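*Asks:* sequence and predicted structure, then a few things I'm wondering about:
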Amino acid sequence: MIKHILLATDGSAAAERAADMAASLAKRYDAKLTVVHAYAPVPMFLGEPNYSQAVERVLEDGRKLVEGVANRLRELGVKEVVPELVEGAATDVILGLIETRRPDLVVVGSRGLGTWQGAFLGSVSMAVTQRADCPVLVVK
């Protein structure tokens with residue numbers, strides 16, 4: 001039985017399709033849906049006031065993204081939506097939440113807004129699929 005779904009989002013088209021699938025499953029099983037967005041740490045070397053301004057900008061952008069997805073999921077009929085904004089590399093954040101939140105299912109998009117390095121290092125969805133200890137649904 002699916003009681004808790006973890007949806008990872010980065011705002012990409014694949015993440016939007018993953019959100020639609022997660023919403024459908026959450027409604028079908030009356031499951032709680034946690035929406036997470038991982039953001040990269042802001043470099044400390046920027047100095048003040050640049051560092052504080054950059055942190056605020058990154059947090060505001062992240063909040064807008066995760067709240068926007070959460071609101072869309074509620075509009076689609078999901079009853080319980082919990083938005084989360086976490087600093088760190090996407091793979092590490094998702095795997096950490098799997099360990100602490102213990103979702104029954106993780107839903108991710110197949111291709112995100114990652115850097116060109118993803119072509120050499122592997123995508124977030126691939127890494128999560130290989131390392132997660134729960135089912136992972138990758139949406140194209």
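*Replies:* Thanks, I have the structure now. Numbers count the residues shown, from 1 in each chain.

*Asks:* where exactly do the helices run in the chain?
*Replies:* Using DSSP state H, the helices of the chain run over residues 13-29, 50-75, 90-101, 118-121, 124-131.

*Asks:* so for L6, which of these sits nearest?
*Replies:* Of all the helices of the chain, it is helix 90-101 that lies closest to L6, at 5.9 Å by CB to CB. Quick note: C-beta positions are derived from backbone N, CA and C, even for glycine.

*Asks:* going by mean pLDDT, which of the helices of the chain comes out lowest?
*Replies:* Set side by side, these give their lowest mean pLDDT on helix 118-121, at a mean of 42.

*Asks:* can you count the residues close to V82?
*Replies:* Under the neighbour criterion other CB atoms under 10 Å, V82 is assigned a count of 14.

*Asks:* how about it, what does it touch?
*Replies:* For V82, the contacting residues are 32-35, 70, by CB atoms under 8 Å, 6 or more residues apart in numbering.

*Asks:* just flag the most distant two among those.
*Replies:* Most distant of the contacts of V82, by CB to CB, are K32 and A70, 12.1 Å apart.

*Asks:* list residues touching both of those two?
*Replies:* By the contact definition CB under 8 Å, 6+ apart, K32 and A70 are jointly contacted by 81-82.

*Asks:* hang on, the earlier thing: which one of the helices of the chain lies nearest to V107?
*Replies:* Closest to V107 of the helices of the chain is helix 13-29 (CB to CB; 4.2 Å).

*Asks:* what's in contact with that closest one?
*Replies:* With CB under 8 Å, 6+ apart, helix 13-29 has contacts from 1-3, 5, 7-9, 31-33, 35, 69, 72-73, 76-79, 105, 107-112, 137, 139-140.
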